[in-house]
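*Asks:* Here is a sequence with its predicted model. Questions after.
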Amino acid sequence: MASTACRNGIVQKGNSKSSSFKSRPHPSPSLGSAIRRSSSASYAGNDGVPGRVRVAVRLRPRNAEETVADADFADCVELQTELKRLKLRKNNWDSDTYEFDEVFTESASQKRVYEVVAKPVVESVLDGYNGTVMAYGQTGTGKTFTLGRLGDEDTSSRGIMVRSMEDILADVSLESDSVSVSYLQLYMETIQDLLDPANDNISIVEDPKTGDVSLPGATLVQIRDQQSFTELLRWGEAHRVAANTKLNTESSRSHAILMIHVKRSVVGREEDLSSEINHASHLIKPSKPLVRKSKLVVVDLAGSEGHMLEEAKSINLSLSALGKCINALAENSAHVPLRDSKLTRLLRDSFGGTARTSLIVTIGPSPRHRGETASTILFGQRAMKVENMLKIKEEFDYKSLSRRLEIQLDKLIVENERQQKAFDDEVERIHLEAQNRISEVERNFADALEKEKLKCQMEYMESVKKLEEKMLLNQQKQESNGVIHDKYTGEEPGASAAEDIAEIRKLLQNEIHMRKTAEEELNKLKSRLGQYTESGRVNSSGVPPPWDIISRGFPAIEGSAETLKMQKCLERGEFGNTFTGLDKHSQFRDSGNGQKAPITKLFEQVGLHKILSLLESEDANVRIHAVKVVANLAAEEANQEKIVEAGGLSSLLMLLRSFEDETIRRVAAGAIANLAMNEANQELIMAQGGISLLSTTAADAEDPQTLRMVAGAIANLCGNDKLQMKLRSEGGIRALLGMVRCGHPDVLSQVARGIANFAKCESRAATQGVKSGRSLLVEDGALPWIVQNANNEAAPIRRHIELALCHLAQHEVNAREMISGGALWELVRISRDCSREDIRSLAHRTLSSSLTFRAEMRRLRIEF
Ligand code: ADP
Ligand code: MG
C-alpha cells in the first residue's frame, strides 16, 4: 500500500527516496554493460533522477452519464497542474495530495499527452533503448482513448500509438533501418496474435544471457509508412473485438500489447574498431557495422478495477503480478517476481530495468469510483519509485560486417588492380620514353659521326688527290725532260715530212684545178645573171628571204649582214638565169607554209649543182652566201642526202681550208656538222677524208663558233660504232682534245659530248667482245682533261664527262689508268653527289662491279 506519508497528506515525491534506489543493484540479470544516461525529455523534470519510471495522471472529463448522475457531487479529484499535484478528496473536508511527473486535466490535448508521456520514450527507443508506455486505470477512464485512438475523424485525437509511429518513421531511414510491428492480446495468460487470430498461443522466449525477451511466434509486420500502420492497428482492433465476442469476454479484461521493433544500423566509434580492420585499408575506413535493436512496447492494460480482489487475481494474473513487481521494485525487495505472469515476463526487458518506461494513469472524476481511483493513484505512486537502468541494445551485426568487409575488400582489390595497372602503364610509358630518347641520341650521334666521317674522307680524298696530281706533274716533267733528251739523240722524222709535202702539193694542184673550173662556172653564171637582170623579173617585193631559215640541226646559221647581202645579190640577179623559172607571185608570196617552201623551190628550180658550184666562186661574197644557203639546206634532213649526192659534202669540206675567211669556215663546218648527224653521211664524211680536214680546221681555227661546229661534227662522228678505229687513227680524238685550248664552254661542251659518245661506243664494243684493250680515249690522253672537267661548272660539260667516266670505268682494263689519273675520286663523287639520279646510280653500279676500283677504294679507305 501507499506510504503513510501520503496518507497523511504529506507530499511525497517519487524521487525523495531515489538515493536508496540508485545505490541498489538492478535486478535485471543483464546488467554487465548497463549504461545510465540522462533523459533528453522535459518529462525528466528537474529532479535529476534520469532512470526512474515516469508516471503521469490523466483525468477523463465527465461523460454524459456522470454529468447527470454526479450532478450534485463534486469530482473526487482536484488537479494542481502547475504543482503537478493531484488532490484526492477523502470527504468534504479532507483530501490526500500526490505528486506525479505530470498531471493532465480533462482538457489536456492528445498532443501534449503524447509529447510529455510517450515522446521521451520514443526518442529513447530511437536511440537504441527499449521502452514501454503503459496505460493503467479503471475501465472507461480513457486508456484506449489515450493510447489507441487512430484519429480518423479528427486528427487532433490521434493517440500515442499513432503518434509514436509517426515520430519513429520520421526518424529512421527506410534504406538502412527497419521498423516492424507485432500486435498481441494477452488474456487469461494466453498470448494471441491480433494480426493473425489463428495464432492464439504464442510463447515467450527469454535469452538467459542477455535477458532479451522475444515472441518468435508472433506475426511481425514491416512498417514502411504511416497508413499501413494505422490499417494494421484498425485490423488488430477489429480482431480484438471479434476474439472477445467469440470468447464472451470484455476487452477490458485483456491487455493489448503493441510491440514496435526498431532496427537501426549505426556508424560505430573508431576506438571500437578492431585493429585488423584498421590495417586492412588506408583508403576507406570501414564503419563499425552495428545494428541497434530496440523495441517500444505500448501496453493498453486491462481494467484495473477490482484486481486486488482474490477472485480477480486468477482472471487477471498478469495485472496483479505487475503490481507485485512494482511493489517489490519500489520497496527494494530482494525478490521481484517477474516470472509470475506472462505480462511481467513480457515486460521484463521493457519495464523498469534496462528500459525507459512511462506509465499513464487514467482516472475518472466520479466520486462514486473514488476507491478504484485511489488504488489506481497508489499504483502510479509506487511505479514512480521504480528505477530504470537503461541499457543500449547494440550488437555487432556480423553478417553485415562480413558483407561490408567483403565489399570493402572487393573495392580494395579493384583499386589495387587499377593502381597496379596504372603503375605498369607508367613503367611502360617511362620505358618507352627512355628507349625513344636513347634511340634519338643514338641517331643523332650516328648522324654526327657519319658527317664527321664524310668530312674526314673528303679531306683525305682531297689531300690524296693533290698528292697524286703533284706526283703526276713530276712524272710529266721527268718525261718531258726525257723527250727533249730524245730529240737530241733520237732519229729525225724526215721521211714522213717528205710524204706530207708531196701530199700537200697534190692537194694544191687539185685546188688550182678546182678553182679554175669554178671561175669558169662563175663567169657563166655572171653572164646569165646579167641577162636575167635585163629582163627585170627579179622582184623587189620584200618577200621573206628563202635562205633565212633557222637551222633546226646542230649549228645555227646567223642571218644578219651577210644574209642581207646575199638577198640583195639575188635581187640584183647576180645568180644569173638560175632563177628564170621563178614566179614571184606564186612562189615568194606563198610563204604561209613556212620558210621551207621557198628554199626548197630554190633548191629544186635553181638546181643544187648550181648552188654548190657557187661555193667555189672566186668572189668571196658569193662563196659566203652560197655556203650559207647550203648550210641552211643541210639543216633540213630531207635535203641532206641530195646535198651529199651532189658532192656538196666534198665542197663543204674543201671550204674548211679557206683560211682567209672565218665565216666561210664556220658556216661550212656548221653544214658539215648538220650532215654529220646522219649515220650514212658520217661514213661518207670519213670516206672523203673529212676527219683530217676537220682536224686541220680544229688545229687552225681561232673562232670559237667555228671550233664549236667542228667539234660538234666530230662529236657526231664519235657516236658511230663502225667509225671508232678510223676516227681515232685519223686523229679525230686528238683533234677534239686539241680544241679544248679555246676554253669556250660551247666548244668544251661539244668536246665532252664527243668523248662521251666515243666512250659509249667503246663500252658497247667491249661488252660485245668486239674490242679489247685499253680505251682509245685513254690511249690518246683524254683522261687528264676528262678528270679536270668532271666537275665543270657548266652542266652540259659535266654531264657528258660524268657519263664518259662511267662508260670508261665499266671496263676493268681502264681501271688502272683511271685510278692513277684521279678518275676514281671523280667517280666516287659522282656516285655520291651527282644531282642526276640515273648517273649517280650508274656510277655507283660501275664502281661496285669493278674489282680494281673496289680494291683501290679499300686501300684508300673510301667508304662506299
Ligand atoms: P478504457 O479504455 O480505459 O476502458 P476508453 O478509452 O474506452 O476507456 O474511454 C471510455 C470513454 O471515455 C470513451 O467513450 C472515450 O471516448 C471517453 N474518454 C476517455 N478519455 C477521454 C478524454 N480524455 N476526453 C474525452 N473523452 C474521453
Ligand atoms: Mg480500453
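*Replies:* Perfect, thanks for sending it. Treat the numbers as computed from the prediction; the structure is a model and nothing was measured. Ligands and ions are numbered 1, 2, ... in the order given.

*Asks:* surely residue 104 meets residue 57?
*Replies:* Yes. Using CB atoms under 8 Å, residue 104 is in contact with residue 57, at 6.8 Å. Any C-beta I mention is one placed from the backbone N, CA and C, and that applies to glycine too.

*Asks:* got any residues that touch both of these two?
*Replies:* residue 79 (CB atoms under 8 Å, 6 or more residues apart in numbering).

*Asks:* Give me the more crowded residue out of those two.
*Replies:* Set residue 104 next to residue 57 and count neighbours by other CB atoms under 10 Å: residue 57 wins out with 27 against 24.

*Asks:* The more buried one: which element?
*Replies:* strand 54-59 (DSSP states H and E).

*Asks:* can you list contacts of that strand?
*Replies:* 14, 43-44, 75, 77, 79, 86, 98, 100-106, 108, 113, 116-117, 120, 142, 146, 357-365, 377, 380-381, 383-384.

*Asks:* so of those, which ones are in strands?
*Replies:* Of the positions in the contacts of strand 54-59, 77, 79, 86, 98, 102-104, 357-363 sit in strands, assigned by DSSP state E.

*Asks:* close to ligand 1, is stretch 150-170?
*Replies:* No. Judged by CB under 6 Å from any ligand atom, stretch 150-170 stays clear of ligand 1, getting no closer than 8.7 Å.

*Asks:* average pLDDT for that stretch?
*Replies:* For stretch 150-170, the mean pLDDT works out to 95.

*Asks:* Which residue lies nearest the spatial centre of this protein?
*Replies:* residue 429 (14.0 Å; CA atoms, centre = their mean).

*Asks:* nearest residue to the residue in the stretch 1-150 of the chain positioned nearest to ligand 2 other than its sequence neighbours?
*Replies:* Here the residue of the stretch 1-150 of the chain nearest ligand 2 is residue 144; by CB to the ion that distance is 3.2 Å. The shortest distance from residue 144 to any non-neighbouring residue, by CB to CB, 6 or more residues apart in numbering, is to residue 300 (5.6 Å).

*Asks:* for that neighbour, what are its contacts?
*Replies:* Shown in contact with residue 300 (CB under 8 Å, 6+ apart): 135, 143, 144, 147, 148, 255, 256, 257, 258.

*Asks:* how about a cut-off of 7 Å?
*Replies:* 135, 143, 144, 147, 148, 255, 256 (CB atoms under 7 Å, 6 or more residues apart in numbering).

*Asks:* Identify the bridge partners of the first one.
*Replies:* Assessed by DSSP bridges, residue 135 has beta-bridge partners residue 300, residue 360.

*Asks:* Which single residue of this protein ends up nearest ligand 1?
*Replies:* residue 142 (2.5 Å; CB to the nearest ligand atom).

*Asks:* related to what we said a few turns ago, which SSE is immediately downstream of the strand holding residue 57?
*Replies:* Proceeding N to C from strand 54-59, the next assigned helix or strand is helix 64-69, under DSSP H and E.

*Asks:* What are the buried residues along that next one?
*Replies:* residue 66 (16 or more other CB atoms under 10 Å).

*Asks:* And what about residue 333, helix, strand or coil?
*Replies:* On the three-state scheme (DSSP: H, G, I helix; E, B strand; the rest coil), residue 333 is labelled coil.

*Asks:* Just the pLDDT at it, thanks.
*Replies:* 82.

*Asks:* Find the helix or strand that the spatially closest residue to it that is not a sequence neighbour is a member of.
*Replies:* Nearest residue to residue 333 in three dimensions, chain neighbours excluded: residue 327, at 7.4 Å (CB to CB, 6+ apart). For residue 327, the host element (DSSP H and E) is helix 317-330.

*Asks:* Now that helix: average pLDDT?
*Replies:* 87.

*Asks:* Quick one: name whatever helix or strand follows it.
*Replies:* helix 342-346.

*Asks:* Could you list the alpha-carbon positions for that following helix in PDB?
*Replies:* Taking C-alpha atoms only, helix 342-346 is exported to PDB below (Å, rounded to 0.1, in the frame of the first residue of the first chain):
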ATOM      1  CA  LYS A 342       3.100 -13.600 -18.900                       C
ATOM      2  CA  LEU A 343       2.900  -9.800 -18.800                       C
ATOM      3  CA  THR A 344       5.700  -9.400 -16.300                       C
ATOM      4  CA  ARG A 345       7.800 -11.800 -18.300                       C
ATOM      5  CA  LEU A 346       7.000 -10.000 -21.500                       C
END
